[in-house]
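Undergrad: Curious how this folds, go ahead:
(chains A, B and C)
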Amino acid sequence: MLETQEQRREAMFLALAQVPKGKVITYGNLAKLAGMPNGARLAGRLMCGLPANSRLPWHRVINSQGKLSLPEGSDGYCEQLKRLQQEGVEIHNGKIKLSLYAYSF
DNA sequence: CGCGGGGCGAGCT
DNA sequence: TAGCTCGCCCCGC
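TA: Model prediction:
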């Protein structure tokens, strides 16, 4: 399984869909959840390809450092930050407390 | 088919 | 805590 990129994309989306509101997940964990232990970068690549109006909670995906992995000042950065705060996720100095908001499965 | 680069991660200094 | 290096995987040249 997970041979074609279709399946991987699918798995990644399903995994992402499991992340509840008010929680966040790291690229690495998302990949693992999707059955790809080394798919962190792929996860990032996919997020990058998602349209801003996608139904998926792409904004709940952050890097293992608890930060948004986008360049500050970019549109996506603001958008993600905004949506997260809107869901009740507090951000301290651009960083999120994974110990509080990280989604575990 | 090699090479460099990316919305990554883990480990060492 | 901040940098750097190395390993992964996927893409474009």
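Undergrad: From now on I want contacts and neighbour counts done on CA atoms only, so please keep to that.
TA: Fine.
Undergrad: Tell me where chain A is predicted with low confidence.
TA: Chain A contains no residues with pLDDT under 70.
Undergrad: do that again at 90, thanks
TA: Within chain A, the segments meeting pLDDT under 90 span A:1, A:3, A:5, A:52, A:73, A:105.
Undergrad: What residues does it have near DNA strand C?
TA: Listed as neighbours of DNA strand C in chain A under the rule Cα under 7 Å from any atom of the strand: A:5, A:38-42.
Undergrad: 10 Å - rerun?
TA: Contact residues, chain A versus DNA strand C (Cα under 10 Å from any atom of the strand): A:2-6, A:8-9, A:28, A:36-46, A:65.
Undergrad: Show me the residues you listed that map onto helices.
TA: Residues of those located in helices (DSSP state H): A:5-6, A:8-9, A:28, A:40-46.
Undergrad: And those residues, which of them are buried?
TA: When neighbours are counted using 16 or more other Cα atoms under 10 Å, these contain these buried positions: A:8-9, A:28, A:40, A:42-44.
Undergrad: that older thread, go back to the ones in helices among the residues of chain A next to DNA strand C and keep what's next to DNA strand B.
TA: Restricting those to those touching DNA strand B (Cα under 10 Å from any atom of the strand) yields A:28, A:40-46.
Undergrad: of these, closest to A:Ser99?
TA: A:Ser99 lies nearest to A:Gly28 out of those, by Cα to Cα, at 15.7 Å.
Undergrad: for that closest one, what are its contacts?
TA: Residues touching A:Gly28, when contacts are defined by Cα atoms under 8 Å, 6 or more residues apart in numbering, comprise A:37-40, A:43, A:63-64.
Undergrad: same thing with A:Glu72?
TA: Under the criterion of Cα under 8 Å, 6+ apart, the neighbours of A:Glu72 are A:Cys78.
Undergrad: now it, what's its secondary structure?
TA: When the structure is split into helix, strand and coil by DSSP: H, G, I helix; E, B strand; the rest coil, A:Glu72 lands in coil.
Undergrad: Closest one of the buried ones among the ones in helices among the residues of chain A next to DNA strand C to DNA strand C?
TA: The nearest member of these to DNA strand C, counting by Cα to the nearest atom of the strand, is A:Leu42 at 5.2 Å.
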